[in-house]
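Student: Attaching a predicted model along with its sequence, questions to come.
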Amino acid sequence: MMSKVLIIGACGQIGSELTFKLREIHGAENVIASDISHSNLDIVNSGIFEIVDAQDYSSVKTCVEKHKIDTVYLMAAMLSATGEKYPMKAWDLNMNSLFHILNLAKETLIKKIFWPSSIAVFGPTTPRDNTPQHTVMEPTTVYGITKQVGERWCEYYYKKYNVDVRSIRYPGIISWKTLPGGGTTDYAVEIYHKAILEKQYQCFLSENTKLPMMFMDDAINATINIMQAPSDTITIRSSYNLAAISFTPRQIAEAIKAHITEFAISYAPDFRQEIANSWPRSINDSSARTDWKWRHTYDLQSMTKEMISQLKQKYATSSEELS
């Protein structure tokens, strides 16, 4: 019997690309996209779309029952930098939405859940290099706090109620298809746009701030791979470390200069620098690589080549449409 999938937060950066990929796998009629508005017309027009408020239990439950959903990807969240501006809104959105989905699974209305965690669960007391799967976590952001608490609840619902919930700790995600959504790692998306449009970029992090990153294609593959893995291979029900590449703003600028020689970068660290300083520089994801055979594909050079190629084409097409 074909799985019926609901993606909550389908208009966001990761949610939108995940929606398209899952529709390729399961068929557009079996993947219901949802969000609080029709903000992404590509998503709205590519298959079934529902307005769903992730914070409203009745709204979520109605959609689940209407479409006989068995699998939910909960991608709605307020990210790190935005969450620091609106801490209580971040707490309410990130926590209430998770509880609604966990409780629907507890009531056996759905069978499987994907919920993303983040490297934001780590803090300044965490080992910053080759950060282990199990380690000290003292997050300093509201976003990180919600993710750490969420991990504990996911594991609790698995152990107490046998809820099949799966999670990965995303590093910074880089994509050419969608604009950044308010995260501390978003400089690594903005920089490519600015390189093409203006040949310069002022970075809000210092030049040697090394952070774990990942190209969107790898992130989507990891998300789908963990959900397709047999349940008995998933040994961690809080959240798996996930890694691909780590680099600094200076290193990404050098990679861009290999394609756009006149590109120039300057640095003006702001409040996001303190957040970045509390996060790991590199991640040990050996558990994911062992349990469900996770492998990444893109390094900094291949990712940069793809980003610049796709964005140049995108902006050229936009210019042609406007002329």
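Tutor: Sure thing, it's come through.
Student: And the helices in the stretch 151-300 of the chain?
Tutor: 187-197, 216-228, 249-257, 271-277, 286-291, 300-322 (DSSP state H, counting those that start in this stretch).
Student: of all those, which lies closest to residue 35?
Tutor: Closest to residue 35 of those, according to C-beta to C-beta: helix 216-228, at 17.5 Å. Where C-beta positions appear, they are placed from N, C-alpha and C, glycine not excepted.
Student: Can you give me the buried ones in the closest one?
Tutor: Neighbour counts using 16 or more other C-beta atoms under 10 Å place 216-224, 226-227 of helix 216-228 among the buried residues.
Student: which residues sit in contact with residue 76?
Tutor: Residue 76 makes contact with 8-9, 12, 15, 35, 54, 93, 97, according to C-beta atoms under 8 Å, 6 or more residues apart in numbering.
Student: Residue 210 versus the spatially closest residue to residue 9 that is not a sequence neighbour, what's the distance?
Tutor: Leaving aside its sequence neighbours, residue 9 sits nearest to residue 76 (C-beta to C-beta, 6 or more residues apart in numbering; 3.2 Å). Residue 76 is 29 Å from residue 210, where distance means C-beta to C-beta, to the nearest Å.
Student: swap in residue 9?
Tutor: 29 Å.
Student: More neighbours: those two, which one.
Tutor: A direct count of neighbours by other C-beta atoms under 10 Å for residue 9 and residue 210 places residue 9 higher, at 26 against 19.
Student: show me what contacts that one?
Tutor: Counting by C-beta under 8 Å, 6+ apart, residue 9 makes contact with 15, 34-35, 54, 74-77.
Student: most neighbours, which of these?
Tutor: In terms of neighbours by other C-beta under 10 Å, the contacts of residue 9 top out with residue 77 at 30 neighbours.
Student: The residue nearest to that residue when sequence neighbours are not counted: which element?
Tutor: Nearest residue to residue 77, sequence neighbours excluded (C-beta to C-beta, 6+ apart): residue 94, at 5.2 Å. If you go by DSSP states H and E, residue 94 is part of helix 87-106.
Student: With only the CA atoms kept, save that helix in CSV.
Tutor: This file holds the C-alpha atoms of helix 87-106, laid out as CSV (Å, rounded to 0.1, in the frame of the first residue of the first chain):
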residue,chain,number,x,y,z
PRO,A,87,12.1,34.0,21.7
MET,A,88,8.6,33.1,22.9
LYS,A,89,7.3,32.8,19.4
ALA,A,90,10.1,30.4,18.6
TRP,A,91,9.5,28.3,21.6
ASP,A,92,5.7,28.1,20.9
LEU,A,93,6.1,27.2,17.3
ASN,A,94,9.0,24.8,17.6
MET,A,95,7.6,22.9,20.7
ASN,A,96,3.8,23.0,20.1
SER,A,97,4.1,21.7,16.6
LEU,A,98,6.3,18.7,17.7
PHE,A,99,3.9,17.8,20.5
HIS,A,100,1.0,17.8,18.2
ILE,A,101,2.7,15.3,15.8
LEU,A,102,4.0,13.1,18.6
ASN,A,103,0.6,12.9,20.1
LEU,A,104,-1.1,12.0,16.8
ALA,A,105,1.4,9.2,16.5
LYS,A,106,0.8,8.1,20.1
